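> pasting the sequence and the predicted model now:
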There are 2 protein chains.
Amino acid sequence: MELINGNEIATAIVAELKEEVSQLKGESPCITFIRVGEDPASVSYVNKKNKIAAEIGMIPKLELLPLDVSQADLFAKIDALNADPSVHGILIQAPLPSHIDEVETFRRVSPQKDVDGFHTENIGKICQEDETGFVACTPAGIMELLSRSSVPLNGKHVVVLGRSLIVGKPVALLAMQKQSWANATVTVCHSRTADLPSITKQADVLIAAIGKPEFVTKGMVKPGAVIIDVGINRVEDSSRKSGYRLVGDVNFAEVSPIASQITPVPGGVGPMTVAMLMKNTLKAFKLAQN
Amino acid sequence: MELINGNEIATAIVAELKEEVSQLKGESPCITFIRVGEDPASVSYVNKKNKIAAEIGMIPKLELLPLDVSQADLFAKIDALNADPSVHGILIQAPLPSHIDEVETFRRVSPQKDVDGFHTENIGKICQEDETGFVACTPAGIMELLSRSSVPLNGKHVVVLGRSLIVGKPVALLAMQKQSWANATVTVCHSRTADLPSITKQADVLIAAIGKPEFVTKGMVKPGAVIIDVGINRVEDSSRKSGYRLVGDVNFAEVSPIASQITPVPGGVGPMTVAMLMKNTLKAFKLAQN
């Protein structure tokens, strides 16, 4: 069994981006983060993205809005950033307060600056195999992990467990693209699937994204399969100071001995998302230059 | 074996739409067809759509453009129709001449008037399960055929053969939606799929959309499966006056005896597309009224 090391791969991508940005003449790529309120997880995520953007040589900007910001004021802020040619990427940190319509907020961002890939138009472009679009960071990160781990998809059976808009569906659409790096047969299964193990056991590549701790067990996996574990679940653990530990959607102890390659949790898909956000930002910058 | 009669189902839908339109007070739904050039198939398709729209009580309008129309002039025409509040649906008859960018043309139509469902935003809305969007007429017609033939999808395995943007991908996304009428496990397979029969034989519902005459044979189908044949292929037939006959992607003679339900070709999916176009037009009209 070989471990797919997301930390190492993400570090390599960040280094490549840093190198590429250092070669740019004139303007630098700018990503603006909109954070609403002071949710500690959001503060931490935005800080991390901010730090890596700076490390790459991009210009990170932060727009802080109060938790009780009106939808109109939030939209006005987005409109201003859409219109500002010095801003190339806009990331609105989720979750947003419940009085804000999240889908409409993501749709308000200019598709050309939507480095999070949540805009309806960018989702449609994945179906259209239109490479001018932005793919959301988690599915993009999964494809990058597979590619950099030399996992062939052509003609292989990729089984996606979970049909979410931000992971399951886009990664399924990517894996089935008529492209040399894709061309997989793709099955999407989920909570309603009858006889789930009979489906997951067919996977040459199994992508688990259902948010159920250690749901995928040995009996659900074909020996030699490649396992991508997207889940990040907290489970109680009294032996830890924090009182919990993070586990994936896959029972790593059981499954890893029979997998050919597997992502750990943490340190697998997780670290890739920030790297892909930066990659999208550089892409937005280049598209804006042309 | 039961035949899924697309002609009958389409006729029923047209009658329902006619009834609903007759109840409308004031303005009537208007669909405008843009036809470029005099391609005989396009002339015939547009005439048929025009006739059914009129039969339902809608206002069909026809915009004829010369084969050498410039992209700018075509776009100007689309812009004018987008801006005209008396036009609710716009259909641009494909194929377009090769000097016109088809994708950009479909994107030019206002998503709110895109009754063909080809706009990137409407494709994205299928992923988002956003019912304000328009689903392309063939995948919408397939779902309607299944629903009106009382084929349950919940927890069933739907196998889609073909990954085209206008059939395979959208119908896969519809069948996997988290909706009581969907909720299927979905596999998309295609020309690159290894051991195709082992995949198609798993299908409770097999949707064939690859454009290969009589490709699906008995050995590829599980007894009792529901078969939806999207293919319309001309094959030589010297016994016919025309010199050809139409066949689907499924070998009907072989497969129909073991299927529980099956669509014929012609008379299956084909007739549904015009009915769904009219349904989309009424929807566009209603959305515009609100």
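In hand now; what should we look at?

> helices of the stretch 1-150 of chain A, residue ranges please.
A:6-22, A:40-56, A:71-83, A:102-108, A:120-127, A:137-148 (DSSP state H, counting those that start in this stretch).

> mind putting those helices into a markdown table with distance to chain B, mean neighbour count and mean pLDDT?
(Each C-beta comes from the backbone N, C-alpha and C, glycine too.) A markdown table is the format used below for those (distance: least, CB to the nearest CB, whole Å; neighbours: other CB atoms under 10 Å in any protein chain shown; pLDDT from 0 to 100):
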| stretch | distance to chain B | mean neighbour count | mean pLDDT |
| --- | --- | --- | --- |
| helix A:6-22 | 25 | 17 | 98 |
| helix A:40-56 | 23 | 16 | 97 |
| helix A:71-83 | 17 | 15 | 98 |
| helix A:102-108 | 7 | 17 | 95 |
| helix A:120-127 | 3 | 25 | 97 |
| helix A:137-148 | 12 | 23 | 98 |
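
> quick check: which of the ones you listed is nearest to B:N154?
With CB to CB, the closest approach to B:N154 among the helices of the stretch 1-150 of chain A belongs to helix A:120-127: 24.1 Å.

> what does chain A have sitting close to chain B?
A:103, A:119-130, A:154-157, A:163, A:165, A:169-170, A:172-173, A:176, A:178, A:183-190, A:192-194, A:199 (CB under 8 Å from any CB of the partner chain).

> now the terminal residues of stretch A:206-214, how far apart.
End-to-end distance of stretch A:206-214: 14 Å, with CA to CA, to the nearest Å as the criterion.

> can you list contacts of that stretch?
Defining contact as CB atoms under 8 Å, 6 or more residues apart in numbering or on different chains, one finds that stretch A:206-214 is touched by A:138, A:142, A:158-162, A:164, A:167-168, A:171, A:190-191, A:200, A:215-216, A:221, A:225-231, A:233, A:235, A:247-252.

> low pLDDT regions in the stretch 101-250 of chain A?
Of all residues in the stretch 101-250 of chain A, none has pLDDT under 70.

> can you map out the strands along it?
A:157-161, A:185-189, A:205-208, A:226-229, A:233-236, A:244-247 (DSSP state E, counting those that start in this stretch).

> put together JSON lines for those strands, with mean neighbour count on each row.
Converted to JSON lines, the strands of the stretch 101-250 of chain A look like this (neighbours: other CB atoms under 10 Å in any protein chain shown):
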{"stretch": "strand A:157-161", "mean neighbour count": "29"}
{"stretch": "strand A:185-189", "mean neighbour count": "27"}
{"stretch": "strand A:205-208", "mean neighbour count": "28"}
{"stretch": "strand A:226-229", "mean neighbour count": "26"}
{"stretch": "strand A:233-236", "mean neighbour count": "12"}
{"stretch": "strand A:244-247", "mean neighbour count": "16"}
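
> quick one: closest of those to B:K241.
strand A:185-189 (41.6 Å).

> break chain A into its domains for me.
A:25-115, A:137-271 (automatic domain parsing).

> starting at the chain centroid, how far to the longest one?
So that's domain A:137-271. 13 Å (CA atoms, centre = their mean, to the nearest Å).

> and stretch A:123-140, by the same measure?
12 Å.

> and what of stretch A:43-59?
When distances are taken as CA atoms, centre = their mean, stretch A:43-59 is centred 16 Å away from the chain's centroid.

> doesn't A:V205 make contact with A:V221?
No - judged on CB atoms under 8 Å, A:V221 makes no contact with A:V205 at a distance of 11.0 Å.

> so for these two, which residues contact both of them?
In contact with both A:V221 and A:V205: A:I227, using CB under 8 Å, 6+ apart.

> quick one on the thing from earlier: distance to A:M276 for the helices of the stretch 1-150 of chain A - can I get that in JSON lines?
Formatted as JSON lines, the helices of the stretch 1-150 of chain A follow (distance: least, CB to CB, whole Å):
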{"stretch": "helix A:6-22", "distance to A:M276": "8"}
{"stretch": "helix A:40-56", "distance to A:M276": "11"}
{"stretch": "helix A:71-83", "distance to A:M276": "21"}
{"stretch": "helix A:102-108", "distance to A:M276": "17"}
{"stretch": "helix A:120-127", "distance to A:M276": "13"}
{"stretch": "helix A:137-148", "distance to A:M276": "4"}
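
> B:L65 is nearest to which of those?
Closest among the helices of the stretch 1-150 of chain A, using CB to CB: helix A:120-127, at 26.2 Å.

> residues contacting stretch A:92-100, please?
Contacts with stretch A:92-100, where a contact means CB under 8 Å, 6+ apart, come from A:33-37, A:39, A:42, A:45-46, A:67-69, A:71, A:74, A:78, A:102, A:105-106, A:109, A:116.
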